[in-house]
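Participant: here is a sequence with its predicted model. Questions after.
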Amino acid sequence: MARIVVIGAGLGAMAAAARLAVAGHRVTVYERGSTHGGAVGRFARDGFAFDTGPGLLHLPAVYRDLFVKTGREPLEECVALTQVDPAARHVFADGTRVDLPNASRAGTVAALDAALGAGAGERWGDVLTRAREAWDRTRRPLLEEPQPADPAPLAREPYPAPKAGLLRRPTTTLAQVGARELRDPRLAALLDAYAWAYGFDPADAPASAAVLPYMEQTFGSWHVAGGLRALADAVYERCRKRRVEFVFDAPVEEVLEKDGRAVGVRLAGGEEVAADHVVSGAPVPALHPGGAPRHQSLGTGRVTVCLALRGPREADAVHRTVVHAEGGRPAVTVLRPDDPALRPDADHEAVTVTATVRTAPGREWGSFADLMVEAAGRAVPGLRERLLWRHVRTPEDVRRDTGSAEVPGPALAGAGGRLLPADNRSALPGLYFAGGWSHPGGGLAHAGMSGALVAGLIVEGADFRGSR
């Protein structure tokens, strides 16, 4: 039985902790904050509750696997999952609206043809067919297997874009995919919105980012009863049942090294904790002298506006509305879950509005939040008249709570390899990386996969120093 220290109580770190505990190891988690969940947070006031991180779950199979492998109770006995249908209502800058069904390619094609004109659905479907090829080429190395010792092949663009123009120039960015292959500004805006939702600017995101809408439209979108914070609570409780120990308000300042190997951590108060292995859920360079992880730097974060509304949610309201802006600006996402756990009673409604922004320390976000609420008014009838109060959460608030204002994006092939996150294996033997900043990449589902990969590497007991 090994002594294992886990730094941070985010979803990926807790997933690793639970799997390692089941394997018979003694696991202690040290978290700088006062609660678990990392970026999967919650804001509550006056009977209203809001997710302050992701609002929907994609690839729930990752967490089904986690719960099957770490205990007798399956995921659905710990949280209630409901498919969101329609998956989203899109409101375009010209006023056009379209509801896209959940996980139905034929339904999506028909809806786009009806709203945007004949042929729109076929063009969208052709892009997703090529995205499926990119997904098939990269799914295993990006999501299911340890990062290869030589990731150079993943730096090449896997999206099979048709070459265009007299010089037969290849398509290199997602924005170019939209312009060349979709040939409708509304379809291009639809494609761009998927990139922005994951923190990518479509102007410099690789063409392989087309796998993001493919993934959502293939595997669906799910609401967790009580919000995604309820999933974080369930993973925490699973850890506790597996006798994982948690120590909160305990920042880790340094990973200790001896004889060329990680041997524990030093806490902010000076206490040293010995360990046979250390798993870090955060890419804090100061913690890893000589072995700081490479990680994505997208330069983007999220502004979240929590809206407490008087009056009931109308019967024909949809769970998610994406309000598109003009001029290539990021879309605004409006979440209106029909969930009694998130509101004080049936005569009120909790609405969460989010937008991706460029991180800018010291920026005053009040006027931007006003614009977000104005955009949300296109999705929520009578919003301003119904508004009781609002709470704005900025990238600086995220930095205060999690250590980084940025939101890690999923791992993407192409782009010269710059969107491949840190390997789970450190250059320092005994030190591993888990969570959204490490392989297989950001996102709620990917964090769970990261935990599985790290646990597998430690259980195998291999020393990877010589293989890099």
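Facilitator: Structure's in. What do you need?
Participant: now whatever helix or strand residue 375 lives in: buried residues?
Facilitator: According to DSSP states H and E, residue 375 maps onto helix 366-376. For helix 366-376, burial by neighbour count (16 or more other C-beta atoms under 10 Å) applies to 368-369, 372-373, 375-376. For the C-beta atoms, the positions are set from N, CA and C on the backbone; glycine is no exception.
Participant: for the helix or strand of the chain with the lowest mean pLDDT, what is the distance to the chain centroid?
Facilitator: Least confident element among the helices and strands of the chain, by mean pLDDT, DSSP states H and E: helix 444-460 (a mean of 86). Computed by C-alpha atoms, centre = their mean, to the nearest Å, the chain-centroid distance of helix 444-460 equals 16 Å.
Participant: tell me which strands and helices it is in contact with?
Facilitator: Contact here means 3 or more C-beta pairs under 8 Å, 6 or more residues apart in numbering; DSSP states H and E; on that basis helix 444-460 packs against helix 11-22, helix 61-70, strand 277-280, strand 431-433.
Participant: 10 Å instead?
Facilitator: Counting contacts by 3 or more C-beta pairs under 10 Å, 6 or more residues apart in numbering; DSSP states H and E, helix 444-460 packs against strand 3-7, helix 11-22, helix 61-70, helix 228-241, strand 277-280, strand 431-433.
Participant: give the buried residues for that helix.
Facilitator: 444-458.
Participant: now it against helix 11-22, angle please.
Facilitator: Orientation of helix 444-460 against helix 11-22 (axes from the mean of the first three to the mean of the last three C-alpha atoms, to 10 degrees) gives an angle of 30 degrees.
Participant: using CSV, list the CA coordinates for helix 444-460.
Facilitator: C-alpha atoms of helix 444-460 as CSV (Å, rounded to 0.1, in the frame of the first residue of the first chain):
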residue,chain,number,x,y,z
LEU,A,444,-15.7,18.1,-17.0
ALA,A,445,-15.7,14.7,-18.8
HIS,A,446,-12.1,14.9,-19.7
ALA,A,447,-11.1,15.6,-16.0
GLY,A,448,-12.6,12.2,-15.1
MET,A,449,-10.7,10.5,-17.9
SER,A,450,-7.5,12.2,-16.6
GLY,A,451,-8.1,10.7,-13.2
ALA,A,452,-8.4,7.2,-14.7
LEU,A,453,-5.2,7.6,-16.6
VAL,A,454,-3.2,8.8,-13.6
ALA,A,455,-4.5,6.0,-11.4
GLY,A,456,-3.6,3.5,-14.0
LEU,A,457,-0.1,4.7,-14.3
ILE,A,458,0.5,4.6,-10.6
VAL,A,459,-1.1,1.2,-10.1
GLU,A,460,1.2,-0.1,-12.8
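Participant: what angle do it and strand 3-7 make?
Facilitator: 160 degrees.
Participant: now do the contacts for the closest residue in space to residue 351 that isn't next to it in sequence.
Facilitator: Closest residue in space to residue 351, ignoring its immediate chain neighbours: residue 307 at 4.3 Å, by C-beta to C-beta, 6 or more residues apart in numbering. Contacts here follow C-beta atoms under 10 Å, 6 or more residues apart in numbering; on that basis residue 307 touches 48, 50, 334, 336, 349-353, 372-373, 376, 380, 383, 386-391.
Participant: just the ones of the residues you listed in helices?
Facilitator: Among the contacts of residue 307, the residues falling in helices (DSSP state H) are 372-373, 376, 383, 386.
Participant: can you pull out the low-pLDDT segments for the chain?
Facilitator: Applying pLDDT under 70 to the chain flags residues 164-168, 283-297, 461-468.
Participant: what are the ranges of the helices in it?
Facilitator: Assigned by DSSP H, the helices in the chain fall at 11-22, 61-70, 75-78, 105-116, 120-139, 174-177, 185-197, 211-219, 228-241, 366-376, 383-386, 395-402, 444-460.
Participant: please identify the deepest-packed of these.
Facilitator: Mean neighbour count (mean count of other C-beta atoms under 10 Å) peaks for helix 11-22 among the helices of the chain, with a mean of 29.
Participant: what angle do it and helix 61-70 make?
Facilitator: Orientation of helix 11-22 against helix 61-70 (the same axes, to 10 degrees) gives an angle of 20 degrees.
Participant: quick thing: my sequence starts at 14, can you match it?
Facilitator: Understood, numbering begins at 14; the last thing we discussed is helix 24-35.
Participant: which strands or helices does helix 24-35 pack on?
Facilitator: Applying 3+ C-beta pairs under 10 Å, 6+ apart, we find helix 24-35 packed against strand 16-20, strand 39-43, helix 74-83, helix 241-254, strand 258-260, strand 290-293, strand 444-446, helix 457-473.
Participant: 7 Å instead, please
Facilitator: Applying 3 or more C-beta pairs under 7 Å, 6 or more residues apart in numbering; DSSP states H and E, we find helix 24-35 packed against strand 16-20, strand 39-43, helix 74-83, helix 241-254, helix 457-473.
Participant: turn the ones you listed into a markdown table, columns for distance to residue 149.
Facilitator: Shown next, in a markdown table, are the helices and strands packed on helix 24-35 (distance: least, C-beta to C-beta, whole Å):
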| stretch | distance to residue 149 |
| --- | --- |
| strand 16-20 | 33 |
| strand 39-43 | 36 |
| helix 74-83 | 17 |
| helix 241-254 | 28 |
| helix 457-473 | 17 |
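Participant: nearest to residue 325, of the ones you listed?
Facilitator: Smallest distance to residue 325 across these (C-beta to C-beta): 22.6 Å, for helix 241-254.
Participant: got the CA positions of the closest one in PDB?
Facilitator: Provided in PDB are the C-alpha atoms of helix 241-254 (Å, rounded to 0.1, in the frame of the first residue of the first chain):
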ATOM      1  CA  LEU A 241     -23.400  20.000 -11.800                       C
ATOM      2  CA  ARG A 242     -22.300  20.800  -8.200                       C
ATOM      3  CA  ALA A 243     -24.400  17.700  -7.200                       C
ATOM      4  CA  LEU A 244     -22.000  15.600  -9.400                       C
ATOM      5  CA  ALA A 245     -19.000  17.100  -7.600                       C
ATOM      6  CA  ASP A 246     -20.700  16.300  -4.300                       C
ATOM      7  CA  ALA A 247     -21.300  12.700  -5.400                       C
ATOM      8  CA  VAL A 248     -17.700  12.200  -6.400                       C
ATOM      9  CA  TYR A 249     -16.600  13.700  -3.100                       C
ATOM     10  CA  GLU A 250     -18.800  11.300  -1.200                       C
ATOM     11  CA  ARG A 251     -17.500   8.400  -3.200                       C
ATOM     12  CA  CYS A 252     -14.000   9.400  -2.200                       C
ATOM     13  CA  ARG A 253     -15.000   9.500   1.400                       C
ATOM     14  CA  LYS A 254     -16.600   6.100   1.300                       C
END
